[in-house]
Every structure is written in structure tokens, then in C-alpha cells.
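Participant: predicted model follows, preceded by the sequence.
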Amino acid sequence: MKIEKTRIDGLLVITPKVFGDERGHFFESFRKDIFEEHGVAEDFIQDNQSLSSKGILRGLHFQKEPHAQGKLVRVLQGSVLDVAVDIRSNSITYGQHVAIELNGSNNTMFYIPPGFAHGFLTLEDNTIFAYKCTQYYHKDSEGCILWNSPSLGINWGINSPILSEKDKIAKDFSNFESPF
């Protein structure tokens, strides 16, 4: 398993070592000891999975303390543009983001610690997205930032994604007060 730091402290790109032959393939998708060696000491306590059609955008979501979540995300089938935005108010990279393509072929994973807003855009129909979380979902702690806030400068590659009602009315980042 290869773990790489990104230009924003805390965000990690994980590439598993895939063993394949004519029967298919095998890889370790999580190893606590290797994650701990790279500074990820939180316990993952909840797994989530979603199925989406092409053009669905989910995000930019986060949970406030004391229910802030770290996430280990990956795509089992299909592909997404996955985005994490630094919302740690004391961070030198506050308001900056990292975008990465995750898909069922490259098996790449993305670790997003607490203090980041997270979202993804599905690039194919029948995309299955999976994530491990370090805290349970807590409705009263959830927050959302507008996916296309001009000050974030995220190039989603789409002008009119399909959004949930919650995501349509999210707060623009220029009016956002971080709880972190």
C-alpha cells in the first residue's frame, strides 16, 4: 500500500498494491497499522455506501465537533471527481481544495480528516461510492457549503449537476464561518 501526502496537510492519497491474475484481483483496502504509521490514528466506526447516476453531485458536506468525521473514501464501480476543501480556520491552506479522480479501475482511495468539507461528482452511471467514517452520522452536526462557491474555484467540469435540496441551499463559502 502506497500512501502519499497532498499539497494540503492531512489529505492522503492511498494506492493499494493489487495482486491480479486470470481469476481476478485482490488487494488490502484498509490496514490500521499502515494508516497509523502515516499519522491516521482515528478508529473507523461506520461504513457508508451510495449508488448514483452520472452527473450527481453530493457535497460539500462536513460534521461539526464533537461529531466531526474523518473519511476514507473509494469507488467500487464507476468513477467520481472527489473534492476536499480545507475549512480549518487556522490552516495556511484554509479555503483551498484537492480534487482527485477515484474509480473502480484504479482502486485509489482518499483520506479526508476532520476539518474538511467533502463532495463528489459522479462521472458514470451506476457509480458505487464507499466510505469509512471516524464518527457516526449526527444530523444536528452536519454542515454544507455551496458546491460552486466562486471563491473556492473548484472546476467540477459541469454547470448543472443534479443536487439534493440541502445542497441547493447551502451557504456560499464567502459567507461561511468555520466551526473548526
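Facilitator: Happy to help now that I have it.
Participant: check the offset of the helix or strand hosting residue 35 from the chain's centre.
Facilitator: Following DSSP states H and E, one finds residue 35 within helix 32-37. Here helix 32-37 shows a centroid-to-chain-centroid distance of 19 Å under the convention Cα atoms, centre = their mean, to the nearest Å.
Participant: swap in stretch 154-174?
Facilitator: 15 Å.
Participant: beta-bridge partners for the nearest residue to residue 5 once chain neighbours are set aside, please?
Facilitator: Computed as Cβ to Cβ, 6 or more residues apart in numbering, the closest residue to residue 5 that is not its neighbour in sequence is residue 12, at 6.3 Å. All C-beta atoms are positioned from the backbone trio N, CA, C, and that covers glycine. Residue 12 forms beta bridges with residue 5, residue 111, as assigned by DSSP bridges.
Participant: going forward can the numbers begin at 57, since that is how I track them
Facilitator: OK, 57 is where the count begins now, so the last one is residue 68.
Participant: count of residues packed around residue 68?
Facilitator: 18 (other Cβ atoms under 10 Å).
Participant: shouldn't it be in contact with residue 57?
Facilitator: No. Taking contacts as Cβ atoms under 8 Å, residue 68 lies outside contact range of residue 57: 10.9 Å.
Participant: contacts only, for residue 155.
Facilitator: 137, 138, 139, 210, 211 (Cβ atoms under 8 Å, 6 or more residues apart in numbering).
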